[in-house]
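Trainee: One predicted model, sequence on top.
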Amino acid sequence: MKSTELTKKKDADLKKLLIEKKEALREYSFGKAGSAKSGLSSQAIRKDIARILTEVNARSNQDNK
């Protein structure tokens, strides 16, 4: 997911997407426990979460100014 896609989404959609990504990361972590982990999937999910949080924080900072 690119940051340009995130700027087009509404606040409620971003929060819903953030919850979905966090749940996907949790399921991935518990599903792969005990087996050889592939770092690519968890890394991609964590990057998406970071991009979403960056956009949410940027919007909240604009509202406060």
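Mentor: Arrived safely.

Trainee: Once you drop chain neighbours, what's closest to Ile49?
Mentor: Among residues not flanking Ile49 along the chain, Lys21 sits closest, at 4.9 Å (Cβ to Cβ, 6 or more residues apart in numbering). (Each C-beta comes from the backbone N, C-alpha and C, glycine too.)

Trainee: What distance do you get for that neighbour to Asp63?
Mentor: 23 Å (Cβ to Cβ, to the nearest Å).

Trainee: ranges for the helices of this structure?
Mentor: Secondary structure of the chain (DSSP state H): helices located at 3-7, 11-31, 39-64.

Trainee: now these in CSV, with mean pLDDT?
Mentor: Below are those laid out as CSV (pLDDT from 0 to 100):
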stretch, mean pLDDT
helix 3-7, 90
helix 11-31, 92
helix 39-64, 89
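
Trainee: who's in contact with the residue most central in space within the chain?
Mentor: Taking Cα atoms, centre = their mean, the centroid of the chain lies closest to Ile49, which sits 2.0 Å from it. Contacts for Ile49 (Cβ atoms under 8 Å, 6 or more residues apart in numbering) come out as 18, 21-22, 25.

Trainee: Of these - the most surrounded one?
Mentor: Using other Cβ atoms under 10 Å as the neighbour test, the contacts of Ile49 are led by Lys21, with 21 neighbours.

Trainee: these two touch, right, it and Ser42?
Mentor: No - using Cβ atoms under 8 Å as the test, Lys21 is too far from Ser42 to be in contact (11.2 Å).

Trainee: picking that back up, export the contacts of Ile49 to a markdown table and tack on distance to Arg59?
Mentor: Formatted as a markdown table, these follow (distance: Cβ to Cβ, whole Å):
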| residue | distance to Arg59 |
| --- | --- |
| Leu18 | 13 |
| Lys21 | 17 |
| Lys22 | 19 |
| Leu25 | 22 |
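
Trainee: Go through the residues you listed and name the one nearest Lys2.
Mentor: Lys21 (14.4 Å; Cβ to Cβ).
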